[in-house]
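Visitor: return atomic coordinates for the entry below.
(2 chains)
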Amino acid sequence: MTRDAGYDDFLDAVADGEPYYLETDDGEAHLPPMPYDPATGEAEPAERSLPEPGEILTHTTTHIAAPQFEDDAPYVTAVAAFGPVSVTGQVRNIDHEDVEIGRAVTLGVERSETRDERVLVLYPV
Amino acid sequence: MTPFGRHAERTGRDLFAEAAAKAFADAGVERAAVEELFFGNFMGEFAETQGHQGPLAAEMAGVNAPATRLDSACASSGAAVRYGVERIRGGADVVLVGGAERMNNLSTADATEALAAAADALWEIRAGLTFPGAYSLMANRYFEVFGGDREDLAHIAVKNHANAVDNDLAQYQRTLDVEDVLTATQISSPFGLYDCSPISDGASAAVLVSESFATEQDLDAPVRVTGTGQGSDTFALQDRESMVRTPAAERAGERAFAEAGIEPDDIDVAEVHDCFTVAEVLALEALGLYDPGEAIGAARRGETTIDGDLPVNLSGGLKAKGHPVGATGCAQLSELTKLLRGSHVNSDAIPDAEVGVTHNAGGTVASCVVHVLEVDR
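Guide: This is a model prediction of the structure:
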């Protein structure tokens, strides 16, 4: 699979235990790719360490998946807040029924069962 | 509009030809009078290997005019209507607008994949998020922030199915009860099958004319578009300040209402984008028809049912009328026009209605188009 610049760089950083976000001069936080400050056009927002753990804001268990995740279903997808940014990932290492809003999570990278592609995941702390 | 439903073997072009022919017949306008065409379509490349659909739509409609396809996901033909209205305001007399979508030639899994293209390909699709999944995230967050439950949502599905029973253009002309909704096959928690709009094929079209043209041609065109608004929001749900508000719809509504010179309290009837049951809740709150956190129980309390103070989705909505995504926005205007002028099967429910509003959303409301329609009584 051809890499998606920015996003796959982020997955690399998560896998290396060094997740980051981008901060522009006005203090706004973004996830990559964001090569230019969308407010000013200034290049190369600064990389900042992503604070962990994060906290689940919402979640859902998907039973009917798109083809690229058919064999993974059912699986839980959640949005979790990590300091100034929020991230969407699949929740692993927990019974689906036990996933709840407010639970602390850390980031990781695993591979999908269906197509053996990298997936951003959330691990309960 | 065509009947919405399962027409798997009919191409999008075939469906739009029917919708356009019906629109011209209804309007009493010659095709040669059309000065421009705006056409909504979302998944043509995926479903039919067919892009560049503007001139194709014009050819099928029998129109020789500049033709442009618009893609705002499920708000594509709402956007087409908006561009048409703006073109009329810019000096044109006659503009054809509409949209079409063919979806049932795809498997459910492939249609799910095609629809997911309206989400963020990096941050959402690569995490396995589907469209029912995305709205489920919004629903579960809503429950957390404001309360409410699946049964509240079920009443929305029940209401909209009841509204569609006598609508021959609707995909599902059958009632549901709350138990049916709550026990349906799970799609993405908290949604079961009946919380979701169906996979549909269909087309819609409308002939927009200037007031001066309508007068000169002595057309019977009692319904006017008095306000149009469009808004955008961050693309991915995760980047929103709140997942229980839809600022794109708020901005679209504010703009449309300001143009029309109305307030939310002036609205007598609404057709809103209920692609999933919770979407109707978010729409009503974004339009200012309910305060945040208050619309969740509106259907359950009977306030938005056919005999309620504010009937919502008398056509059956996307939920029961169907949701061929590129056709939906213009179809909302088609149904609301008929409701207001007294030619819809449910018009008797709103004999005194003068002001109606349509709300057409794309993605997780990263796009939204709102129109105000008015009729003189």
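Visitor: going by residue numbers, what spans are helices in chain A?
Guide: Taking DSSP state H, the helices of chain A run over residues A:7-15.
Visitor: tell me the centre residue of it?
Guide: Geometric centre of chain A, nearest residue: A:V87, 4.0 Å, by C-alpha atoms, centre = their mean.
Visitor: what's across from it in the sheet?
Guide: A:A80 (DSSP bridges).
Visitor: quick check: it touching A:A78?
Guide: No - with contact defined as C-beta atoms under 8 Å, A:V87 and A:A78 do not form a contacting pair (9.1 Å). For glycine as for every other residue, the C-beta is placed from the backbone atoms N, C-alpha and C.
Visitor: quick one: secondary structure of B:G98?
Guide: strand (DSSP: H, G, I helix; E, B strand; the rest coil).
Visitor: if I read this right, it contacts B:V207, doesn't it?
Guide: No - judged on C-beta under 8 Å, B:G98 makes no contact with B:V207 at a distance of 9.3 Å.
Visitor: what do these two both touch?
Guide: B:A23 (C-beta atoms under 8 Å, 6 or more residues apart in numbering or on different chains).
Visitor: look at these two and report which has more neighbours.
Guide: B:G98 (32 against 24; other C-beta atoms under 10 Å in any protein chain shown).
Visitor: roughly how far does the more buried one sit from B:V34?
Guide: B:G98 sits 12 Å away from B:V34, going by C-beta to C-beta, to the nearest Å.
Visitor: one more: B:T234?
Guide: B:T234 is 37 Å from B:V34, by C-beta to C-beta.
Visitor: quick one: B:L153 from chain A, how far?
Guide: 14 Å (C-beta to the nearest C-beta, to the nearest Å).
Visitor: that residue contacts B:G192, doesn't it?
Guide: No - contact criterion C-beta under 8 Å: B:L153 and B:G192 do not qualify, at 9.5 Å.
Visitor: who touches both of the two?
Guide: Common neighbours of B:L153 and B:G192 (C-beta under 8 Å, 6+ apart) are B:V181.
Visitor: more neighbours, the two?
Guide: A direct count of neighbours by other C-beta under 10 Å for B:L153 and B:G192 places B:L153 higher, at 30 against 23.
Visitor: so who does the more buried one touch?
Guide: Here B:L153 is in contact with B:A139, B:V181, B:P190, B:F191, B:D195, B:T277, B:V278, B:V281, B:I296 (C-beta under 8 Å, 6+ apart).
Visitor: one more pass at 6 Å, please.
Guide: B:D195, B:T277, B:V278 (C-beta atoms under 6 Å, 6 or more residues apart in numbering or on different chains).
Visitor: I'd assumed it was in a helix, is it?
Guide: Yes - B:L153 forms part of a helix when assessed by three-state DSSP.
Visitor: look at the residue nearest to it when sequence neighbours are not counted and report its pLDDT.
Guide: Closest residue to B:L153 apart from its sequence neighbours, by C-beta to C-beta, 6 or more residues apart in numbering or on different chains: B:T277 at 3.9 Å. Each residue has a pLDDT score; the one for B:T277 is 98.
Visitor: so what's the residue count around B:T277?
Guide: So B:T277, with other C-beta under 10 Å, has 31 neighbours.
Visitor: was I right about it contacting B:D195?
Guide: Yes - the pair B:T277 and B:D195 passes the contact test of C-beta atoms under 6 Å, sitting 4.5 Å apart.
Visitor: up against chain A, what does chain B have?
Guide: B:109, B:112-113, B:116, B:122-124, B:127-130, B:133, B:136-137, B:140-141, B:144, B:186-189, B:238 (C-beta under 6 Å from any C-beta of the partner chain).
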